[in-house]
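Novice: Give me coordinates for this.
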Amino acid sequence: MQQLTLVPRLVPDVRSGAKTSTIRWQEADIVTGPLKLVNEQDAGDTVIVWVTKIETLCLSEVAARLGKEAEWPDAELLAGMREHYPAIRLSSEVQLITHLTPAETQQKLTER
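Specialist: So this is what the prediction gives:
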């Protein structure tokens, strides 16, 4: 199964279904289907989600695509992304990965 790491502070939001997307830069290509998200500080802490969509766009376009322009002005989005990717720029091409909640994923996997 494909997998990505996730910073510990985001795991609860993914698990609760509050977070249904992730932004990635220069990482392995992800495809639609099951995805294991692994807490980067505790490999035993994982969440399975179902990837529904992968979009490639400039980092500067992500907030608008997610309807979060007010929450994520360019400077704040860039600063947050640089915690993980120090060399990233607003013009960098990123993958916006959208996924189902863990509960929706479980239902989908049960139906298969």
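
Novice: residues in contact with the spatially most central residue of the chain?
Specialist: Nearest residue to the geometric centre of the chain (Cα atoms, centre = their mean): residue 22, 1.3 Å. By Cβ atoms under 8 Å, 6 or more residues apart in numbering, the contact set of residue 22 is 4, 6, 37, 96-97, 99. Placement of C-beta: from N, CA and C, glycine included.

Novice: With residue 107 as the reference, measure out to it.
Specialist: According to Cβ to Cβ, to the nearest Å, residue 22 stands 21 Å off from residue 107.

Novice: for the helix or strand harbouring the residue nearest to the centre of the chain, the distance to its chain's centre please.
Specialist: In the assignment (DSSP states H and E), residue 22 maps to strand 21-24. With Cα atoms, centre = their mean, to the nearest Å as the basis, strand 21-24 stands 3 Å off its chain's centre.

Novice: Pull out the buried positions in that strand.
Specialist: 21-24 (16 or more other Cβ atoms under 10 Å).

Novice: got it, and stretch 61-71?
Specialist: So for stretch 61-71, counting by 16+ other Cβ under 10 Å, buried means 62-63.

Novice: pLDDT value on the residue nearest to the centre of the chain, please?
Specialist: Model confidence at residue 22, given as pLDDT, is 96.

Novice: what do you get for residue 112?
Specialist: Confidence at residue 112, expressed as pLDDT, is 76.
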